[in-house]
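S.K.: I'll drop the sequence and a predicted model, then ask my questions.
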4 protein chains.
Amino acid sequence: MMKLARLLPSRSQLSEKLLYGKAGDVKDASRLYAFTSRAGISNARENSAAKGYIADRIFAPYSVYKGKAALSVTPVLPTFTKLDSGSLVVDRRGVMMMKFLPAIGERKYDNEKRQMFALSPTEVGSMISLGPKDSCEFFHDPSMLSSNAGQVRKSLTIKAHADGTGYLISLNVVNNILKTKEFFTVPVTTAEFAVMKTACSFALPHILGWDRLTNHPSRDSRRTVGLPSKVDPQFLDSEWDK
Amino acid sequence: MMKLARLLPSRSQLSEKLLYGKAGDVKDASRLYAFTSRAGISNARENSAAKGYIADRIFAPYSVYKGKAALSVTPVLPTFTKLDSGSLVVDRRGVMMMKFLPAIGERKYDNEKRQMFALSPTEVGSMISLGPKDSCEFFHDPSMLSSNAGQVRKSLTIKAHADGTGYLISLNVVNNILKTKEFFTVPVTTAEFAVMKTACSFALPHILGWDRLTNHPSRDSRRTVGLPSKVDPQFLDSEWDK
Amino acid sequence: MMKLARLLPSRSQLSEKLLYGKAGDVKDASRLYAFTSRAGISNARENSAAKGYIADRIFAPYSVYKGKAALSVTPVLPTFTKLDSGSLVVDRRGVMMMKFLPAIGERKYDNEKRQMFALSPTEVGSMISLGPKDSCEFFHDPSMLSSNAGQVRKSLTIKAHADGTGYLISLNVVNNILKTKEFFTVPVTTAEFAVMKTACSFALPHILGWDRLTNHPSRDSRRTVGLPSKVDPQFLDSEWDK
Amino acid sequence: MMKLARLLPSRSQLSEKLLYGKAGDVKDASRLYAFTSRAGISNARENSAAKGYIADRIFAPYSVYKGKAALSVTPVLPTFTKLDSGSLVVDRRGVMMMKFLPAIGERKYDNEKRQMFALSPTEVGSMISLGPKDSCEFFHDPSMLSSNAGQVRKSLTIKAHADGTGYLISLNVVNNILKTKEFFTVPVTTAEFAVMKTACSFALPHILGWDRLTNHPSRDSRRTVGLPSKVDPQFLDSEWDK
């Protein structure tokens, strides 16, 4: 079974900044903490921003309802920050958000006891490359980098049925602060998993933000011929001008 | 052979409402009937709305014409309802609509005797994950939850040819009200089925409504930097703030 | 080896009209000829229309250049006709256009001797489902249904190399009017064929016209909540109201 | 192991011009050099153009950070040139840009020592068709066709781990002008490679420029019914009118 420890939630963004820092810069991990606090700020900004765009909130999860719990999967897009150069850099990564609700009776699910698990792009890659006999497990610490680090532990397991007729998806949440342990299991059929794989493969480039990079010529840019739409000249020069 | 009973047509929408109800809500199946009547209303609304948008109706089915019947496949997008919060929630799920016409002579097909079968997203997942030797069968009751429940029974079967050269798609409709039985069979080649699989894989995220969630920055939003386009803050907070 | 005879170029459109004729209509093959002449007219209209939109013509083929010939592949979108009802129906199907140029010296290709072969959606399905050992062959008669029927014969063959390192794509054109025979062969590597498969899989829903059916909410329609964008009410009713 | 020598960077564009030259034209390799200088000019034009569109620059790479080096992958779209006819032709091909940064301590990567490697569409096809046991290698000469030809040699290798748990991606750069040799190795897991394959498969049609060919009806063109959006009449006529 493949096991993946969650990357630091802000590490990839930090590293992206490293990748695009000015030549000669040598960054170090001390920036990690600066960035982390920025993440909190940007998160608050997102909420207020979202409040300003309530009409833009759309709920279209793919959901399966089983005896012990319900599971819904929905993509969450990345957010971008504007650099002084005017360029946009991914600020908060997109994720595939998995939401579990416990069943509390026939066709009754308790929304108050919901638990979320946010799959990173690499974790999505792990899920969509699972074979009919494969399994994988992911570990998250929502309080990572905070004073509560290690107090809450979440693990998601996707395990193939022995007979190859589908998978068992389970979420285990241990909260040492609230002294709670929660466990969800949702059996998914081959057909339901095929929907998840197909829909997550569709969503993956979007949660990476790559759909922002592609050609959707506005009527203006269609007139601007030969415009390298959204191309970074540094990219174009680097290989050929060395 | 994998057999799938059709989910209640309105169940997934109901459940989505459960998933996004206010914390602490405990819903029960009694809402199922309330919702069902709403579905009828929304259906009527759709028709009148569509009348107002006739120019928007587009017919681009993928069709195969065989000796005994013709089959056409076309995606039908979901519709959305605006909640008091201003958010949009999937109201009526999208489907892949399969339309059968009986042949009544060489290259003659009778449109009056057409029969439809609407594949749910999970049924589409079942179809696109069929191996060259696999088969699947779906059962629908169009009158489900009405006083005519059980009076009309439809079953769609997709069965691989023994020699792996394609599939036989057949629809069986028994209508106890009209006292009719109809049976359609359409053999599809590997090439025709590859078109259906590829086109349905393309359509699946759209009938889920996920294309509404992705980045198509309007010229305005392109100026609004760092805007979490269409992101539900609840999603962003939930995993990290617990 | 799988062999496919080309469907009548206008048959699928005719049949789509059959599929959407008024209930009770019984069409017959005599309309086939009426439609064929319409196709000529619509073709003329396309050219003049295109002249009016020259700036919209975009050349972005995927091309491979080999010793004996060059091959380029590019999608050609379907065109739509407006019915009296205001609905749009696919008029001329989209295709994947394959263009062959003979080599006449090192890196010299003769554009005057070019030959085209238009893959139908089903032929594309055949190509993208080819295994590493498979082959397929398509036969076209450009003069089908005209007085020159049978005078020009084209056949395209895609044949896997014995060692599984790629495919040989060859086009054979026999023109009894001009008394010419032309033969093109282009070996493509596994990598080049992977590009063709991936790009044709992307293009397939577009040449079917399904991208016209999907959600690209204009800023207006985003405000129009619950609008069944581009949904045919007949589809929505048919399964449930019988 | 499959080995691919890089096509001349400008060859495909040149050849596309050959493919669309006027009937009867016979071009020869002498144009290759003329084009090369044009490429330099167009490259300069891109930079200045991009300066004018700084807000359009978007950074959303998929990045992996390992002990010895970091690797990021991002699509770079093609640019188009307007012909006298008003048509748009791909000028500079799109690529998948791979960027390597050496590690210089824990979580420290040196942006000054970055190296780029631009995968052509066919090289992307090679990467996305790699099996769990396959490997491939690409060779580039950034100074090709210049007086420095052969002075700088780059080779990228993607090699499957023996145990099938992922790949080792390495870049080797020998610069005889600067008398430098650089070597980067980045182990990628099956999950990380699945992200790269899925994201590159999504990006491939876009770096070919095919998304420019597809139906995104502007509100105007939606009113223009039956318009063969972006269809080249030459394509439509060629097969059927011969």
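M.R.: Ah, there it is.
S.K.: the helix or strand containing residue A:127 and chain D in contact?
M.R.: Applying DSSP states H and E as the criterion places residue A:127 in helix A:121-128. Yes - against chain D, helix A:121-128 shows contacts by CB under 8 Å from any CB of the partner chain at A:121-126, A:128. Quick note: C-beta positions are derived from backbone N, CA and C, even for glycine.
S.K.: which other helices and strands does that helix contact?
M.R.: Judged by 3 or more CB pairs under 8 Å, 6 or more residues apart in numbering or on different chains; DSSP states H and E, helix A:121-128 is in contact with strand A:2-5, strand A:95-102, strand A:135-140, helix A:190-208, helix D:190-208.
S.K.: among those, which comes closest to residue A:163?
M.R.: helix A:190-208 (10.5 Å; CB to CB).
S.K.: so the closest one, near chain C or not?
M.R.: No - Helix A:190-208 lies apart from chain C when judged by CB under 8 Å from any CB; the minimum separation is 11.5 Å.
S.K.: averaged pLDDT, that helix. What do you get?
M.R.: Helix A:190-208 carries an average pLDDT of 96.
S.K.: now that helix against helix D:190-208, angle please.
M.R.: Taking axes from the mean of the first three to the mean of the last three CA atoms, to 10 degrees, one finds helix A:190-208 and helix D:190-208 inclined to each other by 60 degrees.
S.K.: straight-line length of stretch A:85-100, end to end?
M.R.: 41 Å (CA to CA, to the nearest Å).
S.K.: which ones are touching residue A:173?
M.R.: A:115, A:152-154, A:180-183 (CB atoms under 8 Å, 6 or more residues apart in numbering or on different chains).
S.K.: just the helices in chain A please.
M.R.: Using DSSP state H, the helices assigned to chain A run over residues A:11-20, A:30-51, A:121-128, A:190-208, A:219-223, A:233-240.
S.K.: measure stretch A:148-155 end to end?
M.R.: 17 Å.
S.K.: buried set for it?
M.R.: For stretch A:148-155, a neighbour-count test (16 or more other CB atoms under 10 Å in any protein chain shown) marks A:152-155 as buried.
S.K.: and which of the residues you listed is nearest to chain C?
M.R.: Minimum distance to chain C across the buried residues of stretch A:148-155 is 32.9 Å, recorded for residue A:154 (CB to the nearest CB).
S.K.: what pLDDT does that closest one get?
M.R.: Reported pLDDT for residue A:154: 97.
S.K.: that one touches residue A:117, doesn't it?
M.R.: Yes - the criterion here is CB atoms under 8 Å, and residue A:154 meets it with residue A:117 at 6.0 Å.
S.K.: which among the helices and strands packed on helix A:121-128 is found nearest to residue D:134?
M.R.: Proximity to residue D:134 (CB to CB) singles out helix D:190-208 among those, at 11.3 Å.
S.K.: is any part of the closest one close to chain B?
M.R.: No - using CB under 8 Å from any CB, helix D:190-208 stays clear of chain B, with a minimum separation of 11.6 Å.
S.K.: anything in that helix near chain A?
M.R.: Yes - looking at helix D:190-208 against chain A by CB under 8 Å from any CB, the contacts come from D:190-195, D:198-199, D:202-203, D:206.
S.K.: tally of neighbours for the closest residue to residue A:110 other than its chain neighbours?
M.R.: The shortest distance from residue A:110 to any non-neighbouring residue, by CB to CB, 6 or more residues apart in numbering or on different chains, is to residue A:104 (4.8 Å). Here the number of neighbours of residue A:104 (other CB atoms under 10 Å in any protein chain shown) works out to 13.
S.K.: next: residue A:66.
M.R.: 15.
S.K.: which ones are touching the nearest residue to it once chain neighbours are set aside?
M.R.: Spatially, and ignoring its direct neighbours in sequence, residue A:66 is nearest to residue A:186 (5.2 Å; CB to CB, 6+ apart). The neighbourhood of residue A:186, defined by CB under 8 Å, 6+ apart, consists of A:64, A:66, A:68-71, A:100, A:168-170.
S.K.: what do you get for residue A:156?
M.R.: Here residue A:156 is in contact with A:98, A:117, A:119, A:137-138, A:140, A:169-172 (CB under 8 Å, 6+ apart).
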